[in-house]
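Enquirer: for reference, the sequence and a predicted model appear below.
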Amino acid sequence: MVLALCAGVALSQAFRTVGAIMASPLQADFKLSAQALGIFSGAFHFAFGAMQLFMGIGIDLHGVRRTVLVAFPIAIAGALLSAVSSSYLVLVAGQALIGVGCAPAFLVCTVFIARHFPAARFATVSGMVLAIGGLGMLATGTPLAWLVQAYSWRAGFLVLAVAAALAWLAIWHWVHEPASAVPQVKESIPEAIRQFGALFAMPHTLGIIVLGAVTYAAFISLRGLWLGPLMMQRHGYSLVQSGNVALVVSVISLFGAPLFGKLDRDGAAARRRWIVACGFVYAALFALIAFLHSAWLDIGGMVLIGVLSGFIVWQYADVRGAYPAALTGRAMAVFTMAMFLGVAFMQWGTGVAASVASAHGTDPLTAVLATIAALLVLGIVAFAWLPAPKAGPLRS
C-alpha cells in the first residue's frame, strides 16, 4: 500500500519540477518574463499548499484512500488542460488544477506511516517514501528534456497525464485501509476546522511553520524552476545538457532523505539542533552558487544541496512528535501547507527578484539565489529563536 501511495508522490514530484525543463520553451511560446515564469511555476504550489487544511480534514474524517482517490483526477484534468492551453492564463489555470489534485499525495503517505508504523521507524520510512517519490524528479530531467526537444512541452504534459491516471488506478486497486484506521467518531466540517485553532494556539507551531516555509521551497525553486535557466543562460548549456544536470541532482537527492532518516536516532532537542546546523550549511551553498560563476562549482553545489535537502525529513519527524496523535493529520497538513505555500511565494518572489535585477542591469540568477539564501537564514533564525515543543511525550 505504501508503494502504491508512492506512485502518487512520484507524479506530484514530477508535476512540480517540470518548470526547470519547460521554462525556456514556455518563455519562447508565450513571451513570458521571469516574473510570469515564477507565477506559472508557483501556481501549482500555491494551490497545493492552500488545499492542505482541507485535505487534512478529509484524511482525518474519511481516511487516506477516499481522500486521494477523489482528489487525484483533478490533477489529470489539469495536465490535459495544460497540454492544450492556448494562452498563459489557461496554462496557469491548468497548473492550479494539478496542484489541487496532487495536494493529498505526500500528506496521505505521512499520515499512513504515522498510523501504521512505530514512532521509531517514522523518519526512516518517511525517508524511503521521499526517495521513491523522488523518482518523479528523474522523469523531469533528461527524459522530459528529450521529449520536449523532440516534440514539444505539450507532449510532456500529455505523458504525465497518462502516468497520473495509472498511479490513480494503482492506488484504487491496492490501497485498502482497515476500518480501525478511519475515526469512528465523526466531526462536522466546522468542528474539524476549529480543531486547527488548537494547533495555531501552541507556541511552538510558529517556528515549525516558518522554517517549513523555506527549506523545501529553496530546493524545489532551484530544481523545479531555476536550474534550467541557470545552466542555459549562465553557462550556455543546451536543453538536454541542462536536463542531464537536473537528472544528476535528482538522483543524488534520492539518497538524502533515507540517509538522514537513518541518522535520526537522537532525541527531539538534539534533532532540532541538527536541523539548525544543516540549515545554515544549506543556506551557505545557495550563497556560493549565487556568487561563484563556475559551471562545475555550480553543479557541485547543486549536488550537495540535493543531498543535504534530506534533512527536511527531520522536520517531519519533529512535527510528528510535537502534537497529540489525534491531531496527526491536521498537524501534517499545516506543515505541508506551510511548505508549499512557501514554494509558491519563493518562486514568485525569486521571479520578482530576477526581473528587478534585469531592470537594473545585474545578473538575475545571482539575485534569485541570493534571495533564496537570505530567506533560508531568516527561517533558520526564527526556528532557533521561537519556542520549541515542551519536553515529554505528546502523543497518545
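Expert: Yep, that arrived. Remember, it's a predicted structure, so these values are computed and weren't measured experimentally.
Enquirer: pretty sure Ser126 sits against Lys262.
Expert: No: judged on C-beta atoms under 8 Å, Ser126 makes no contact with Lys262 at a distance of 11.3 Å. From N, CA and C alone the C-beta is placed, and that goes for glycine too.
Enquirer: buried set for the helix ranked longest in the chain?
Expert: Among all segments of the chain classified by DSSP state H, the helix with the greatest residue count is helix 328-359. For helix 328-359, the neighbour count (16 or more other C-beta atoms under 10 Å) marks 328-355, 357 as buried.
Enquirer: any idea how far stretch 196-203 is from the chain center?
Expert: Its chain's C-alpha centre and that of stretch 196-203 lie 23 Å apart, by C-alpha atoms, centre = their mean, to the nearest Å.
Enquirer: what of stretch 325-340?
Expert: Stretch 325-340 sits 14 Å away from the centroid of its parent chain (C-alpha atoms, centre = their mean).
Enquirer: what's the average pLDDT for it?
Expert: Mean pLDDT, computed over stretch 325-340, is 81.
Enquirer: same thing with stretch 56-63?
Expert: 82.
Enquirer: C-terminal to the helix or strand of the chain with the lowest mean pLDDT, what's the next element?
Expert: Scoring the helices and strands of the chain by mean pLDDT, DSSP states H and E places helix 189-201 at the bottom, with a mean of 76. For helix 189-201, the following helix or strand on the C-terminal side (DSSP states H and E) is helix 205-212.
Enquirer: flag the shaky bits of this protein, pLDDT-wise.
Expert: Confidence mapping of the chain against pLDDT under 70 gives the ranges 179-189, 192, 265-266, 326, 391-396.
Enquirer: which residue ranges of the stretch 201-350 of the chain form helices?
Expert: Ranges of helices in the stretch 201-350 of the chain, per DSSP state H, counting those that start in this stretch, are 205-212, 215-221, 227-229, 235, 239-262, 268-291, 295-308, 312-322, 328-359.
Enquirer: now the third one, how far from the centre of its chain.
Expert: Looking back up the chat, that one is helix 227-229. For helix 227-229, the distance to the chain centre is 18 Å (C-alpha atoms, centre = their mean).
Enquirer: so what touches it?
Expert: 19-21, 23-24, 239, 242-243, 245-246, 249, 302, 365 (C-beta atoms under 8 Å, 6 or more residues apart in numbering).
Enquirer: ok, back up a step: what's the angle between the very next helix or strand once past the longest helix of the chain and helix 328-359?
Expert: As assigned by DSSP H and E, the chain's next helix or strand after helix 328-359 is helix 364-385. Taking axes from the mean of the first three to the mean of the last three C-alpha atoms, to 10 degrees, one finds that helix 364-385 is oriented at 140 degrees with respect to helix 328-359.
Enquirer: what comes into contact with helix 364-385?
Expert: Applying C-beta under 8 Å, 6+ apart, the set of residues contacting helix 364-385 is 34, 206-208, 210-211, 213-215, 217-218, 221-222, 226, 229-230, 233-234, 272, 275-276, 279-280, 282-284, 286-287, 289-291, 346, 349-350, 353-358.
Enquirer: distance of Asp298 from Leu222?
Expert: 10 Å (C-beta to C-beta, to the nearest Å).
Enquirer: go on, Phe340?
Expert: 16 Å.
Enquirer: likewise for Gly329?
Expert: 30 Å.
Enquirer: still on that earlier bit, figure out which of the helices of the stretch 201-350 of the chain is closest to Ala145.
Expert: Counting by C-beta to C-beta, Ala145 lies closest to helix 239-262 out of those; the figure is 2.7 Å.
Enquirer: and that closest one, what does it pack onto?
Expert: helix 19-30, helix 122-133, helix 135-139, helix 142-150, helix 227-229, helix 295-308, helix 312-322 (3 or more C-beta pairs under 8 Å, 6 or more residues apart in numbering; DSSP states H and E).
Enquirer: how about TSV for those helices, with distance to Ile193 and mean neighbour count added?
Expert: Output for those, formatted as TSV (distance: least, C-beta to C-beta, whole Å; neighbours: other C-beta atoms under 10 Å):
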stretch	distance to Ile193	mean neighbour count
helix 19-30	32	21
helix 122-133	26	23
helix 135-139	31	22
helix 142-150	38	19
helix 227-229	38	24
helix 295-308	36	18
helix 312-322	19	23
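Enquirer: reformat those helices as CSV; add distance to Ser253.
Expert: CSV is the format used below for the helices and strands packed on helix 239-262 (distance: least, C-beta to C-beta, whole Å):
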stretch, distance to Ser253
helix 19-30, 13
helix 122-133, 9
helix 135-139, 7
helix 142-150, 15
helix 227-229, 12
helix 295-308, 4
helix 312-322, 10
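Enquirer: those: which one's closest to Ala257?
Expert: Nearest of these to Ala257, taken as C-beta to C-beta: helix 122-133 at 3.6 Å.
Enquirer: the closest one vs helix 268-291, what angle?
Expert: 30 degrees.
Enquirer: which elements pack onto helix 122-133?
Expert: helix 2-16, helix 105-116, helix 239-262, helix 312-322.
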